[in-house]
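Participant: With the input below, show me the fold.
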Amino acid sequence: VVWDAALTLARFLDAHPHVVHGKRVLELGCGNAVVSMIAVHVGANYVVATDRAFVRPCVSRTLKANSLEKNVSHDVLLWGDAGDMKRVLQSHGPFDIIVGSDLVYDESVFDDLVTTFQTMSSTGTQIYLAGKRRYKKRFSRFMNLIGTTVFSDKRDLLERSTSAYPSTQYLYTFGKLS
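Facilitator: Take a look at the predicted model:
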């Protein structure tokens, strides 16, 4: 299954390759790693797709089926887990870009997701977050939580977009200040 948000983010990267071209990219909650594969396709220098352990065999099969197992690394990363974050940073970091699709739907993981954004990014890291506009109050709470951290310049890149993207989708970007 490929969620609409992953397709929105993949389409965005395909249309705007400069976002990832020559950069080190981390995908959170990669599912079948469609966004990671597009990032490599449009010129990312290094990509690591992460998700929970049970997803890893799916990611491996998908990358192999697309002959990208040498171009995209994949690893286990449980949001908020200090050991996982340290291991992924030591093995693959630092990252210029962090991408994620359909990550903001379960409020119980918001704090862990923000912690992961903070830990896995450095000054200047840009985060691209796509999702479906379905839980407005939850999403607003998440963005308020982001607003109380070291991230700034939050904006919806699809706000004034053409019909190339479904109106049910959002794509926010924000950067780490320090």
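
Participant: Give the burial count for the closest residue to Val55 other than its chain neighbours, as a bare number.
Facilitator: Excluding the flanking residues, the one nearest Val55 by C-beta to C-beta, 6 or more residues apart in numbering is Gly31, at 6.7 Å. Quick note: C-beta positions are derived from backbone N, CA and C, even for glycine. Number of residues near Gly31 (other C-beta atoms under 10 Å) recorded here: 21.

Participant: Measure how buried Leu77 is and give me the count.
Facilitator: Neighbours of Leu77 (other C-beta under 10 Å): 26.

Participant: Enumerate every residue touching the closest residue in space to Val19 that isn't next to it in sequence.
Facilitator: Nearest non-adjacent residue to Val19, counting by C-beta to C-beta, 6+ apart: Leu13, 6.0 Å away. Contacts for Leu13 (C-beta atoms under 8 Å, 6 or more residues apart in numbering) come out as 19-20, 35, 38-39, 42, 99.

Participant: looking at this protein, which helix or strand is least sure?
Facilitator: strand 151-156 (a mean of 62; mean pLDDT, DSSP states H and E).

Participant: Residue ranges in this protein under the pLDDT threshold?
Facilitator: Applying pLDDT under 70 to the chain flags the ranges 148-168, 177-178.

Participant: Sketch out the strands for it, chain order is fine.
Facilitator: For the chain, the strands defined by DSSP state E occupy 24-28, 46-51, 72-76, 97-101, 126-132, 151-156, 169-176.

Participant: Columns distance to Phe142 on top of the ones you listed, output as TSV?
Facilitator: Shown next, in TSV, are those (distance: least, C-beta to C-beta, whole Å):
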stretch	distance to Phe142
strand 24-28	14
strand 46-51	19
strand 72-76	23
strand 97-101	12
strand 126-132	9
strand 151-156	11
strand 169-176	10
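
Participant: As TSV, the ones you listed with mean neighbour count would be great.
Facilitator: Listed next are those as TSV, based on neighbours: other C-beta atoms under 10 Å:
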stretch	mean neighbour count
strand 24-28	25
strand 46-51	25
strand 72-76	20
strand 97-101	25
strand 126-132	23
strand 151-156	14
strand 169-176	20
